[in-house]
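K.L.:
3D, please:
(2 chains)
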Amino acid sequence: DVKVTQSSRYLVKRTGEKVFLECVQDMDHENMFWYRQDPGLGLRLIYFSYDVKMKEKGDIPEGYSVSREKKERFSLILESASTNQTSMYLCASRGGTFQETQYFGPGTRLLVL
Amino acid sequence: RKEVEQDPGPFNVPEGATVAFNCTYSNSASQSFFWYRQDCRKEPKLLMSVYSSGNEDGRFTAQLNRASQYISLLIRDSKLSDSATYLCVVSRNTGGFKTIFGAGTRLFVKA
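P.N.:
Below you'll find the model as predicted:
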């Protein structure tokens, strides 16, 4: 079974803080994704990575950066957290082709005060 | 207009009912289609892929209509445990790979 883990289930941060969200997958998947999920808006792609050190912007990359130094690990960084980044953050991984399933981590609920 | 649109619901149905969800997509280059299920405060999980010929998995039937650009999910004999949000998901690989999630349809099955 694919396992995707995220570093925190719940996180509370203050405006302006730098926030690190980490995601680890154990299936040697090439592709990893970071989404945020907000009520009524569904999942929106922030960034994705198709290989180590490779990254592509998704639909809403502003205010975020990512890092993929190892194949199994994909980090999302909020450079200076703002209240409008309060959300559920979901990491996913996928095998080599786009027809394959995405497997999600349990999510991190981030509250920025 | 969103690229993938779903009726947000909620659908409130009694146990044993049959319920159908529709989803429309706007990009005709879309190539792969899925239904995911998301329980409250949990991550989305694949329910089933959707094939052109239609496919069935137990009480669940998924259909794809490429001409009209819509996907459907039919749940027969609803169970309390079917209560969840159902996400329609569409993927394409033209102009770069892209997977788009619908906002989801909420289902409540009541005893």
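
K.L.:
lowest average confidence, helix or strand, in chain B?
P.N.:
Lowest by mean pLDDT, DSSP states H and E among the helices and strands of chain B is strand B:97-101, with a mean of 85.

K.L.:
which residues touch that strand?
P.N.:
The contact list for strand B:97-101, computed with Cβ atoms under 8 Å, 6 or more residues apart in numbering or on different chains, reads A:35, A:42-43, A:45, A:98, A:102, B:3-4, B:25, B:36, B:44, B:87-92. For glycine as for every other residue, the C-beta is placed from the backbone atoms N, C-alpha and C.

K.L.:
give the pairing partners of that strand; include direction for each.
P.N.:
Sheet pairing for strand B:97-101, assigned by DSSP bridges, gives strand B:84-93 (antiparallel).

K.L.:
which positions within the partner strand qualify as buried?
P.N.:
B:84-92 (16 or more other Cβ atoms under 10 Å in any protein chain shown).

K.L.:
same check on stretch A:11-20?
P.N.:
A:11, A:13, A:19.

K.L.:
ranges for the strands of the chain?
P.N.:
Went with chain A since none was named. A:4-6, A:10-13, A:19-25, A:31-38, A:42-51, A:54-57, A:64-70, A:73-78, A:87-94, A:102-104, A:108-112 (DSSP state E).

K.L.:
you looked at the wrong chain, it should be chain B
P.N.:
Taking DSSP E, the strands of chain B run over residues B:4-6, B:11-14, B:19-25, B:32-38, B:44-50, B:55-57, B:60-65, B:70-75, B:84-93, B:97-101, B:105-110.

K.L.:
okay, the angle between the third one and strand B:97-101?
P.N.:
Relative orientation of strand B:19-25 with respect to strand B:97-101: 140 degrees, computed using axes from the mean of the first three to the mean of the last three Cα atoms, to 10 degrees.

K.L.:
and the last one, by the same measure?
P.N.:
Computed by the same axes, to 10 degrees, the angle separating strand B:105-110 from strand B:97-101 equals 40 degrees.

K.L.:
and strand B:105-110, what does it pack onto?
P.N.:
strand B:11-14, strand B:19-25, strand B:84-93 (3 or more Cβ pairs under 8 Å, 6 or more residues apart in numbering or on different chains; DSSP states H and E).

K.L.:
contacts for that strand?
P.N.:
B:6-15, B:17, B:19, B:21, B:75, B:78-86, B:88.

K.L.:
of the strands of chain B, which shows the lowest average pLDDT?
P.N.:
Of all the strands of chain B, the minimum mean pLDDT falls on strand B:97-101 (a mean of 85).

K.L.:
that strand versus strand A:31-38: what angle between them?
P.N.:
30 degrees.

K.L.:
mind listing what's buried in strand B:97-101?
P.N.:
For strand B:97-101, the neighbour count (16+ other Cβ under 10 Å) marks B:98-101 as buried.

K.L.:
and what of stretch A:16-34?
P.N.:
A:19, A:21-25, A:29, A:31-34.

K.L.:
now, among the residues you listed, which is nearest to A:N84?
P.N.:
Checking the buried residues of stretch A:16-34 against A:N84 by Cβ to Cβ gives A:V19 as the nearest, at 13.4 Å.
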